[in-house]
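Asker: coords below, sequence missing:
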């Protein structure tokens, strides 16, 4: 098992990373989740001077790899966000395009369960006109269903607990490359440590 520590932008990312389904998936990849999952409390706090103490906490917890998960928001490209964060602190920096809620849109199974409809699918979850959160609200309105409310962490908890959201499902969406990159990047972490691996 390789020990991986996570630094995340906010509550929603933390809820996803700590969800039983994700932890079980990590274990299936021979990855152990280091506690705590560090919440940076906003992408603006993911700057080199702030990241040091967060990384140190995870190193003290024996993390062998540090993974940062944040949102693109209004930045021009993921590279801009990566250079702002600085790559000397983390092995892997993953950026959800626009915002992490795009991954909820990408998991068609969870989306269908939430809306109680079996024909819902979001074709381009990372290319919503506004933010993915607004698209979730729109979808509920279009389908005359109860919306996600105004509490993002509350909705994220429901998605992982009641509607079966998984990163693995979101990563299978043909047009959600950031979820796939996160999923595949974590999968690859352990392939380097396994001498019998053929990756």
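Answerer: Happy to help now that I have it. Just so you know, these numbers come straight off a predicted model, no measurement behind them.
Asker: How many residues are close by the closest residue in space to residue 40 that isn't next to it in sequence?
Answerer: Once flanking residues are discounted, residue 40 sits nearest to residue 46: 5.1 Å by C-beta to C-beta, 6 or more residues apart in numbering. C-betas here are computed from N, CA, C, even on glycine. Residue crowding around residue 46 was assessed by other C-beta atoms under 10 Å; the count is 24.
Asker: got a list of what residue 46 touches?
Answerer: If you count contacts by C-beta atoms under 8 Å, 6 or more residues apart in numbering, residue 46 has them with 7, 9, 40, 68, 70, 84, 85.
Asker: same check, this time on residue 159
Answerer: Contacts were defined as C-beta under 8 Å, 6+ apart; by that measure residue 159 touches 104, 107, 110, 114, 165.
Asker: how far away is it from residue 187?
Answerer: When distance is defined by C-beta to C-beta, to the nearest Å, residue 159 is 22 Å away from residue 187.
Asker: ditto for residue 116
Answerer: 32 Å.
Asker: More neighbours: which of those two?
Answerer: Applying other C-beta under 10 Å to residue 116 and residue 187 shows that residue 187 carries more neighbours, namely 18 against 10.
Asker: number of nearby residues for the residue lying closest to that one once chain neighbours are set aside?
Answerer: Once its chain neighbours are removed from consideration, residue 187 has its nearest residue in residue 29; the separation is 5.6 Å (C-beta to C-beta, 6+ apart). Residue neighbour count, defined by other C-beta under 10 Å, stands at 17 for residue 29.
Asker: per-residue confidence at residue 29?
Answerer: Among the per-residue scores, residue 29 holds a pLDDT of 94.
Asker: That one against residue 186, yeah?
Answerer: Yes - judged on C-beta atoms under 8 Å, residue 29 makes contact with residue 186 at a distance of 6.5 Å.
Asker: Compute the number of surrounding residues for the closest residue to residue 173 other than its chain neighbours.
Answerer: With C-beta to C-beta, 6+ apart as the criterion, residue 173 has its nearest non-adjacent residue at 3.8 Å, and that residue is residue 106. The local packing count at residue 106 equals 29, with neighbours defined by other C-beta under 10 Å.
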